[in-house]
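Undergrad: Sequence first, predicted coordinates after that:
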Amino acid sequence: NAGVTQTPKFQVLKTGQSMTLQCAQDMNHEYMSWYRQDPGMGLRLIHYSVGAGITDQGEVPNGYNVSRSTTEDFPLRLLSAAPSQTSVYFCASSDAGLSYGYTFGSGTRLTVV
Amino acid sequence: AQRVTQPEKLLSVFKGAPVELKCNYSYSGSPELFWYVQYSRQRLQLLLRHISRESIKGFTADLNKGETSFHLKKPFAQEEDSAMYYCALNSGGSNYKLTFGKGTLLTVNP
């Protein structure tokens, strides 16, 4: 049981480049989210999804796109990378109602130069 | 709007001393509260849920609705407890967003 798998683990981008952070879960969880973690800021919600075909914005959505074509996958796209997007990105999934909180992936450390 | 406040960015104690990590929240309804722990360069792990009233790794947390608090406590800290601790709130209903505090870095000194 792999849980939540994120790829890549590390990435360096140049300003203006685009890329997709991958997230997959094998627990048949309905709810998936993307958070960014920055020093002194805690975790901030970027986008979330309550099921296949349904996504919504979180606290800091600008510069990011998501889609949810399957229950398992929830990729995060950076359209035109900026240095302000340098962060650690965590994907998380949960069963219905968030009763057990989220299960997190191991994170992607992104640096934009 | 829901908000989670962890007033201490850093907390340092000696091994064997009691530890309390503070968490206050603002939400008008009935929240679900969680504590997550992140050891150095690892993923976040769920530590406690208030609804389960359990003790994990010697940690306990009680939801105090009157004081809107969910403080995390351990009577005797261990060096392996050194980590970043996040308090989080789920407002429930159709709102599936988990709101996190900014975290408290706990250091347990030998």
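TA: Done, it's in. This is a predicted model, so every value here is computed, not measured.
Undergrad: what residues are up against the residue lying closest to A:T55 once chain neighbours are set aside?
TA: Spatially, and ignoring its direct neighbours in sequence, A:T55 is nearest to A:S49 (4.6 Å; C-beta to C-beta, 6 or more residues apart in numbering or on different chains). For every residue, glycine as well, the C-beta is placed using N, CA and C. A:S49 makes contacts with A:31-33, A:55-56, A:66, A:68, A:74, as judged by C-beta atoms under 8 Å, 6 or more residues apart in numbering or on different chains.
Undergrad: swap in B:F70?
TA: B:F70 sits in contact with B:23-25, B:33, B:35, B:50, B:61-64, B:87, where contact means C-beta under 8 Å, 6+ apart.
Undergrad: For it, give its distance to chain A.
TA: 13 Å (C-beta to the nearest C-beta, to the nearest Å).
Undergrad: Contacts only, for the closest residue to that residue other than its chain neighbours.
TA: Nearest non-adjacent residue to B:F70, counting by C-beta to C-beta, 6+ apart: B:L33, 4.2 Å away. Residues near B:L33 by C-beta under 8 Å, 6+ apart: B:23, B:25, B:49-50, B:61, B:63, B:70, B:87-90.
Undergrad: neighbours around B:E54, how many?
TA: When neighbours are defined as other C-beta atoms under 10 Å in any protein chain shown, B:E54 has 12 of them.
Undergrad: show me what contacts it?
TA: Contacts of B:E54 by C-beta under 8 Å, 6+ apart are B:L48.
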